[in-house]
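Undergrad: quick one, structure for this:
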Amino acid sequence: MLNGKIIVGAMLVSQHAELLDITIPNLLKWCNWILLVMENETPEVEQKVYEFQKQYHKRIFVRRSSFPHKIFVKGREQTYRQRWKGLKGQIRDEVFMHIRNIQDYKMKGYENIDALIFQDSDEIFTDYLLELLDKFWESDYKAITMKPVDVVGDLQTIKSTSKGHHVFIMKWNRELRGLPRRSWALYHPLCVSDLMRVEYYSVHLACLNDIIRKWRNKEWKKDDVEGSKLYKLDKNVTEMRPDEIKNILK
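TA: Numbering: from 1, shown residues only. Prediction:
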């Protein structure tokens, strides 16, 4: 519980088991309990998820996506990216359903939720998330849309370009849905005017090492590292204030 608020985390996990050693502890840092939903997961990811659940059995729920790993359209198997693009609304909607179901169990300590952090499995938050949450509680905004900073090779090298804003944090509302599907994780019934818009409170790990980059360049889309300017930091990016990062990237 942070500042008297009960915060729940959710994460879809699929690829790169080694990243979960970074992202799951980071999510646990901010949350009372979390939900991990295995979706098109590798055997290594499944094993890693259950290792974490054994260690944090009172704080981690595990569920599995109901959608098959292989999807065929007109007799041809879809690529990883095609499958995700076609199903992401339904898959995210299941995450909200699982959270409502856990809440409905009425187990002591799990029945109340003030906020949901719905984090990507290749992202973490900086040490300054708590001060952002304080501002969020005091505002009339219903959600936070965040633009991350991207790292390359390690957590002390950032690049000049990064992914766009996505909604990662929401004041809990049982009406939250993944359908109808919208861009930038703008979940129903949220609208643009409900969003607090911030930058560099989160860190994108998609280029953290060559193994992840190689997979993404093949299965997702080619990254823009070669065309980006890289900046070497004197400390871990998670220790930096958002305005410090912004000044470096000017």
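
Undergrad: could you use CA atoms for every contact and neighbour count after this?
TA: Will do.

Undergrad: now for the longest strand seen in the chain, which elements pack on it?
TA: Ordering each strand of the chain by length in residues (DSSP state E) puts strand 195-207 first. Packing contacts for strand 195-207, counted by 3 or more Cα pairs under 8 Å, 6 or more residues apart in numbering; DSSP states H and E, involve strand 123-125, strand 143-152, helix 210-219, helix 242-248.

Undergrad: any chance of those in CSV, with mean neighbour count, distance to residue 33 and mean pLDDT too?
TA: As requested, these are arranged in CSV below (neighbours: other Cα atoms under 10 Å; distance: least, Cα to Cα, whole Å; pLDDT from 0 to 100):
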stretch, mean neighbour count, distance to residue 33, mean pLDDT
strand 123-125, 21, 16, 98
strand 143-152, 24, 19, 97
helix 210-219, 14, 27, 94
helix 242-248, 13, 26, 97
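
Undergrad: for residue 77, find the nearest of those.
TA: Residue 77 sits nearest to helix 210-219 of all these, at 13.4 Å, using Cα to Cα.

Undergrad: ranges for the strands of this protein?
TA: 7-13, 33-38, 60-64, 72-73, 76-77, 115-119, 123-125, 143-152, 157-159, 166-171, 195-207, 230-232.

Undergrad: give me the low-pLDDT residue ranges for this structure?
TA: When residues are selected by pLDDT under 70, those of the chain lie in 1-2.

Undergrad: for the helix ranked longest in the chain, list every residue counted as buried.
TA: When the chain is parsed with DSSP state H, its longest helix is helix 80-104. Using 16 or more other Cα atoms under 10 Å as the test for burial, helix 80-104 gives 83-84, 88-100, 103.

Undergrad: so how many other residues sit close to residue 7?
TA: A count of neighbours around residue 7, defined by other Cα atoms under 10 Å, yields 23.

Undergrad: quick check: beta-bridge partners of it?
TA: Beta-bridge partners of residue 7, counted by DSSP bridges, are residue 115.
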